[in-house]
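Q: Predicted structure and sequence below. I'll ask about it afterward.
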Amino acid sequence: MMENETKGIGPIAKLPVFLDLSGKPAVLAGSSAGIAWKAELIAAAGADVTVFTPEPSVPLAALARAGVVAGTLRIVERRWQPEDLAGAAVATGDFEEIEEAEAFHAAAHAAGVIVNTVDKAATCDFFFGSIVSRSPIVIGITTNGTAPILGQAVRRSVETVLPRWLADWAAHAERVRPRVKATLKPGAERRRYWEAFVDRAFAAPPAGDDEALLNAVMAASAPKAAGAQGAFRTVTVACANPDCLTLRDVRAMQAADLLILDAGLPPGVSALCRREARRLVVGPGEGQVVPGAVEATVTAARGEGRSVVRVVLAITCQGC
């Protein structure tokens, strides 16, 4: 089935969000290994975690002894009480009985706190997924509970393609971003810089201090000559499965200023394109370009220094 690529985002099972928990209180209840894992995870996000449990499990006690890498962790050896939830940013509990999970959920809501309970979806406001961390780059993965093993497989696949050193590049980006904003104009100049930055970030670990790295990326992103034409690439969609597009094609689509798309592209191709890019569909009507005007449109955009990608539909395979 084909769709017009001007269509918006389709239905998603859960909205992925990222909570800022740095320095905020989090309340956990229970003593399972799952609670220990969530306590460590929430503390790693900078939260001040309090776990209420009459009998701490071995993993939880070990975590308390070892300490956490960020935030704080303390164990209170008693059952949770509704007043414990006052002022918390998040709450998580692991209970054998649904009645206690429901009570915890109700107490959290009364305190204005969002809550998660282990393996009891009916008493959850949010859910934990698989995580790939190159912090500050963090990727969350969920299958909406339908196939947790599949989610783990996706996580492993992502782990293999994301270099460990991306965390170092991201930390460098945070430090030099004020300089980049002060030095380069918004729009094309900054975009060229960050595209050159990405090329280097995926190629090798950062070598040298911040000043040397900043200067190297600045040099790589500088226009080759005044008035130089913008880049142009034709991407041919030959398979109904968008996963068959090459990495080079996807990178071009994600860096484009202007996308000229054939009508009726397979679902999913649009999601691989840069969201901020201007999009024109080949055909008559508003927001479209007639076939005879495509070449002139490309030439004009490139003359303005913009990067153009022409996405052509030529299906020869119905899906790999």
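A: Here it is on my side, so go on.
Q: my read is residue 26 is in a strand, agree?
A: Yes: Residue 26 sits within a strand when classified using DSSP: H, G, I helix; E, B strand; the rest coil.
Q: Could you export the longest helix along the chain as PDB, CA atoms only?
A: As assigned by DSSP state H, the longest helix anywhere in the chain is helix 166-183. Written as PDB, here are the backbone C-alpha positions of helix 166-183 (Å, rounded to 0.1, in the frame of the first residue of the first chain):
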ATOM      1  CA  LEU A 166      29.600   9.300  20.800                       C
ATOM      2  CA  ALA A 167      29.200  10.300  24.500                       C
ATOM      3  CA  ASP A 168      32.500  12.100  24.300                       C
ATOM      4  CA  TRP A 169      31.500  14.000  21.100                       C
ATOM      5  CA  ALA A 170      28.100  14.900  22.700                       C
ATOM      6  CA  ALA A 171      29.900  16.300  25.800                       C
ATOM      7  CA  HIS A 172      32.200  18.300  23.500                       C
ATOM      8  CA  ALA A 173      29.100  19.600  21.600                       C
ATOM      9  CA  GLU A 174      27.600  20.800  24.900                       C
ATOM     10  CA  ARG A 175      30.800  22.700  25.800                       C
ATOM     11  CA  VAL A 176      31.300  24.400  22.400                       C
ATOM     12  CA  ARG A 177      27.600  25.100  21.500                       C
ATOM     13  CA  PRO A 178      27.800  28.700  22.900                       C
ATOM     14  CA  ARG A 179      30.800  29.400  20.700                       C
ATOM     15  CA  VAL A 180      29.100  27.900  17.600                       C
ATOM     16  CA  LYS A 181      26.000  30.000  18.200                       C
ATOM     17  CA  ALA A 182      28.100  33.200  18.700                       C
ATOM     18  CA  THR A 183      30.300  32.600  15.600                       C
END
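Q: where does this protein have low pLDDT?
A: In the predicted model of the chain, residues 1-9, 224-227, 287, 319-320 satisfy pLDDT under 70.
Q: Select the longest strand from it.
A: Scanning the chain for the strand with the most residues, using DSSP state E, yields strand 308-317.
Q: For that strand, name the packing helices and strands.
A: Where contact means 3 or more Cβ pairs under 8 Å, 6 or more residues apart in numbering; DSSP states H and E, strand 308-317 is packed against strand 232-239, helix 247-255, strand 258-261, helix 294-303. All C-beta spots, glycine's among them, are computed from the backbone N, C-alpha and C.
Q: closest one to residue 280 among the ones you listed?
A: The closest of the helices and strands packed on strand 308-317 to residue 280 is strand 258-261. By Cβ to Cβ, the value is 5.0 Å.
Q: Tell me which helix or strand comes right after that closest one.
A: Helices and strands here follow DSSP states H and E; after strand 258-261, the next one along the chain is strand 278-282.
Q: Could you spell out the sheet neighbours of the following helix or strand past that following strand, each with its direction?
A: Next along the chain after strand 278-282, taking DSSP H and E as the criterion, comes strand 288-289. Sheet pairing of strand 288-289 (DSSP bridges) gives strand 278-282 (parallel).
Q: which of the residues in the partner strand are buried?
A: Neighbour-count burial for strand 278-282 flags 279, 280, 281, 282 (criterion: 16 or more other Cβ atoms under 10 Å).
Q: What is the three-state secondary structure of the most centrally placed residue in the chain?
A: If you average the C-alpha coordinates of the chain and look for the closest C-alpha using Cα atoms, centre = their mean, you land on residue 139, 5.1 Å from that point. Look at residue 139: counting by three-state DSSP, its state is strand.
Q: I'd like to know how far the nearest residue to it once chain neighbours are set aside sits from residue 308.
A: Distances taken as Cβ to Cβ, 6 or more residues apart in numbering put residue 132 closest to residue 139, at 4.2 Å, once the chain neighbours are dropped. When distance is defined by Cβ to Cβ, to the nearest Å, residue 132 is 33 Å away from residue 308.
Q: Who has more neighbours out of these two?
A: When neighbours are counted by other Cβ atoms under 10 Å, residue 132 and residue 308 differ, and residue 308 comes out ahead with 25 against 17.
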